[in-house]
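>>> build the 3D model from these lines:
(3 chains)
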Amino acid sequence: MKEIVILSGKGGSGKTSLATSFAALGKEKILLADYDVDAADMHILLEAKHYKEEKFYSGFEAVINQEKCIQCGNCKILCQFDAIEEKDNRFYINPIDCEGCGYCEMVCPEKAIKMKDAEVGNFYVSNTRFKNVLFHAKLNIGADNSGKLVSYVKKQAKKYAEEEKIDYLLSDGPPGVGCPAISSVTGANYVVIVTETSLSGFSDMKRLHELVNNFKIPCGCIINKADLNLKVKEEILEYLEKNDISLLGEIPYNKSFPESIRQLKTVNEYDKNMAVLIKNIWEKIYKTNL
Amino acid sequence: MKIAIASGKGGTGKTTVACNFSKFLQQRFHDNSFKGVALIDLDVEEPNSSIFIAPKAERIEKIFKKIPEWKEENCTFCNKCVASCRFNALAMLPSLIMRFPELCHSCFVCEAVCPHQAIKMMPYEIGKISTSSEDNFLFIESKLNIGEVAAPALIKQSKDYVEKEVPSNYWKIFDCPPGTSCSMIEAVKSADMVLLVTESTPFGLNDLQLAVKTLRLLKLPFAVIINKYDSSYPELDKYLEKENIPVFGRIPIRQEIAIAYSAGNLINEVYPEINKIWENSYSRIKEMRNERDCNTIR
Amino acid sequence: MKILFTSKSQGMDALLDPHFGRAKGFILYDTDEKSDKWIENTENLNAAHGAGIQAAQKVIEQNPDAIITGSVGPKASAVLSKTNIKIYLTREKQLSEILAEFTDGKLELL
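Sure, this is the predicted structure:
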């Protein structure tokens, strides 16, 4: 079983559009995972219908028992995160600011504060309209995006792939280069970097590549909006060559990407020319990972 | 006046709006010797505003978070510090207490719990803030050191830095991280209002709805700017109308805008019509502020 | 000598649990006494980051000479590297089979 993770560093490069196009091509031969647990979008184009839903817990949150509380205010004074508010002479913990450290529980003279497991999101397993199964999740607002939920989605997806003897796990990664991106890359066999010919895109791509390189995972690159800025494209190509990153394909700047999403279609469903281009790229990725 | 530029979805145009709107304001305030603009890039993992603003960094300041320092001579290996840490940032070995700075949330519990003063919270560098200025424009970029993960901590301290260093009569525009998790929330929290940037696609709408939910929970006033606007996606306009969300402008998809952006250039000159959107945003923001001040007085 | 395996269940016929930090449990095998002891690790399965750190501390308390597992994350590695414990990596198999390979010197030292 091989895991291919698609990342971009920069948002808006076309990562999810391409991931869903590959899902349409791979069908039941591939398993899917969406690691963007903050603002997941893959399920929209795939018409994912979940058959499994689980609550996800991570870390702790403090809860004040108002009956035991004597309003001494110690907790509010000592909280490093300003997570305790006083209103009408009562003290309340703001769950968005609470980091679950337990300091308040420790200092409360009446033992009126208890730490409980924090429910931080939901995990889903869904069927998609392309006959593949999608593993995804949604973090609650303000939750710590530490990458733990990403790791959980990955673990469940891999387990399923092994059990059902599916050879490929295709994962749509999160934006950025922080903990969620790190968790997505951990244990992956191949990384597809989607970039665009803009200075911002190239800058983010380099930061992302640095991260991936630390994990010593082979990668390939798709240059989207390739003809938007030829000067930046040349710089990208130079960078790819210098760093031994294979060029998987170049996609011209086109209206099909946003237009197809608007019609809730994948790019290859909407545009025949794009379909040929994307199929070639997919075949390259597939062959590299046989 | 503190305005946070945020979005649910990445790549909608936050940095484009933040940079170009703040440059518009700089021109606008030029005649008014009492006002200036500060653009603060809080997208600390990958700050990109400097590509468009091309600043000459005059000052670089290191930013720290506190992590436990182990004083071996006082330690009795009682394990209280390790047992009290809910983030697994400390480990006890036969002859040493190990620390994991990247896991530390700076809660101070370990220092409080140690009976022998063997743990003391000390500064640990997590990032850098660079400041540059020209006329009535201040540019502040906040960047996490490579390998560090404490984005919310750096964002919080960057805001404290702004309170200290930027004149109070300056308008402050904050370019925020994408998404709706802890980094974005820390960045928008103390703003006077938030400008959400979205795009005319189902992804843009889906993520906008998450951002709206977040801002309503935080009780922050907000408005929307639609970037890469396309009238063939009425669902977005319908949602905004139904929810009574003010729209300050609709920026169309234009080749000249995309090209300028790709080359790291500002767009106010290649697409001058955009200044109407900035002018409108400026008036609407002032309106919202006056309304809020009236409500507060009442 | 004492060898510690990450294990999916009790007994030497159990399968190796491939990842150190979030293993279901550990089996401490004494080559002199030919006895095995099961140690639970379930409380670490729920930890946010740092499950490996907790697991490492737990394992160090048992004072093994060697650890045999599938993979060890960077934080757990950092903790274990402060001791003299030798770490060996292998694939998911029955512990009894792995023990035989270890005795024959076939296992790779990390």
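>>> from now on I want contacts and neighbour counts done on CA atoms only, so please keep to that.
Noted.
>>> wait, residue C:110 touches residue C:88, no?
Yes. Between residue C:110 and residue C:88 there is a contact under C-alpha atoms under 8 Å: 5.5 Å.
>>> compare those two (neighbour count), which wins?
Higher neighbour count among residue C:110 and residue C:88: residue C:88, with 18 against 11, using other C-alpha atoms under 10 Å in any protein chain shown.
>>> flag every residue of chain B that's near chain A.
Residues of chain B lying close to chain A (C-alpha under 8 Å from any C-alpha of the partner chain) are B:8-12, B:45-46, B:48, B:51, B:85-87, B:106-109, B:149, B:179-182, B:185, B:200-203, B:206-207, B:210, B:214, B:233, B:258-259, B:261-264.
>>> residue A:241: neighbour count?
Residues within reach of residue A:241, counting by other C-alpha under 10 Å, total 11.
>>> what about it, distance to residue B:250?
40 Å (C-alpha to C-alpha, to the nearest Å).
>>> can you show me the strands along chain C?
Secondary structure of chain C by DSSP state E: the strands cover C:2-7, C:25-30, C:35-40, C:66-69, C:86-89, C:108-109.
>>> and residue A:211, backbone torsions?
phi -60, psi -50 (degrees, to the nearest 10).
>>> apart from its chain neighbours, what residue comes closest to it?
With sequence-adjacent residues excluded and distances taken as C-alpha to C-alpha, 6 or more residues apart in numbering or on different chains, residue A:211 is closest to residue A:177, at 7.2 Å.
>>> in what helix or strand does the one you found lie?
According to DSSP states H and E, residue A:177 maps onto no helix or strand at all.
>>> all helices of the stretch 101-250 of chain A, in order?
Applying DSSP state H, counting those that start in this stretch to the stretch 101-250 of chain A gives helices spanning A:103-107, A:148-164, A:179-185, A:199-214, A:230-242.
>>> quick one, which of those helices is packed in tightest?
Among the helices of the stretch 101-250 of chain A, ranked by average contacts under mean count of other C-alpha atoms under 10 Å in any protein chain shown, first place goes to helix A:179-185 (a mean of 23).
>>> check contacts around residue A:195.
Going by C-alpha atoms under 8 Å, 6 or more residues apart in numbering or on different chains, residue A:195 touches A:8, A:10, A:13, A:201, A:202, A:205, A:221, A:222, A:223, A:224.
>>> oh, I was asking about residue B:171
B:1, B:2, B:3, B:35, B:36, B:37, B:38.
>>> one more time with 6 Å
B:1, B:37 (C-alpha atoms under 6 Å, 6 or more residues apart in numbering or on different chains).
>>> and what about it, helix, strand or coil?
Per DSSP: H, G, I helix; E, B strand; the rest coil, the secondary structure class of residue B:171 is strand.
>>> and residue B:5, by the same measure?
With three-state DSSP as the basis, residue B:5 sits in strand.
>>> from what I can see it touches residue B:172, true?
No. Using C-alpha atoms under 6 Å, residue B:5 is not in contact with residue B:172, being 10.5 Å away.
>>> which of those two has more neighbours?
Each of residue B:5 and residue B:172 has its neighbours counted (other C-alpha under 10 Å); residue B:5 has more, 31 against 25.
>>> circling back to that earlier point, how about the helices of the stretch 101-250 of chain A in CSV, adding mean pLDDT?
Shown next, in CSV, are the helices of the stretch 101-250 of chain A (pLDDT from 0 to 100):
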stretch, mean pLDDT
helix A:103-107, 96
helix A:148-164, 93
helix A:179-185, 89
helix A:199-214, 91
helix A:230-242, 97
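>>> which intervals of chain B have sub-threshold pLDDT?
Scanning chain B for pLDDT under 70 picks out B:31-34, B:295-298.
>>> could you chop it up by domain?
Split into domains by automatic domain parsing, chain B comes to B:2-63+B:128-297, B:72-117.
>>> show me the shaky parts of chain A.
For chain A, no range has pLDDT under 70.
>>> so which residues on it come close to chain C?
Counting by C-alpha under 6 Å from any C-alpha of the partner chain, the residues of chain A lying close to chain C are residue A:58.
>>> show me chain A divided up by domain.
Listed by automatic domain parsing, the domain ranges of chain A are A:2-47+A:128-288, A:60-119.
>>> so of these, which one's packed in deepest?
Each of the domains of chain A was scored by mean neighbour count; the highest is domain A:2-47+A:128-288, a mean of 21, by mean count of other C-alpha under 10 Å.
>>> can you list the residues of the stretch 51-200 of chain A near chain B?
So far as C-alpha under 6 Å from any C-alpha goes, the stretch 51-200 of chain A lies against chain B at A:80, A:101, A:103, A:141, A:142, A:143, A:144, A:198, A:199.
>>> please verify my assumption that residue B:35 contacts residue B:167.
No. If you go by C-alpha under 6 Å, residue B:35 and residue B:167 don't touch, sitting 9.0 Å apart.
>>> sorry, back to before: want to throw the contacts of residue A:195 into JSON lines with distance to chain B?
JSON lines is the format used below for the contacts of residue A:195 (distance: C-alpha to the nearest C-alpha, whole Å):
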{"residue": "A:8", "distance to chain B": "11"}
{"residue": "A:10", "distance to chain B": "7"}
{"residue": "A:13", "distance to chain B": "7"}
{"residue": "A:201", "distance to chain B": "8"}
{"residue": "A:202", "distance to chain B": "10"}
{"residue": "A:205", "distance to chain B": "10"}
{"residue": "A:221", "distance to chain B": "18"}
{"residue": "A:222", "distance to chain B": "17"}
{"residue": "A:223", "distance to chain B": "13"}
{"residue": "A:224", "distance to chain B": "12"}
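>>> looking at those residues, which are in strands?
Of these, the ones assigned to strands by DSSP E are A:221, A:222, A:223, A:224.
>>> helix/strand/coil for residue A:18?
Under three-state DSSP, the three-state class of residue A:18 is helix.
>>> that one and chain B: what is the separation?
14 Å (C-alpha to the nearest C-alpha, to the nearest Å).
>>> gap between that residue and residue A:220?
Taking C-alpha to C-alpha, one finds residue A:18 at 14 Å from residue A:220.
>>> list the contacts of the longest helix anywhere in chain B.
Once chain B is assigned using DSSP state H, the helix that runs over the most residues is helix B:274-297. For helix B:274-297, contacts defined as C-alpha under 6 Å, 6+ apart pick out B:21, B:248, B:249.
>>> what do you get for stretch A:4-24?
A:130, A:170-173, A:175-176, A:190-196, A:201, A:204-205, A:208, A:266, A:268, B:10-11.
>>> try stretch A:40-52
Counting contacts by C-alpha under 6 Å, 6+ apart, the residues outside stretch A:40-52 that touch it are A:124, A:125, A:126, A:127, A:128, A:129, A:264, B:203.
>>> I'd assumed residue A:37 was in contact with the first one.
No. When contacts are counted by C-alpha under 6 Å, residue A:124 is not listed as touching residue A:37 (10.8 Å).
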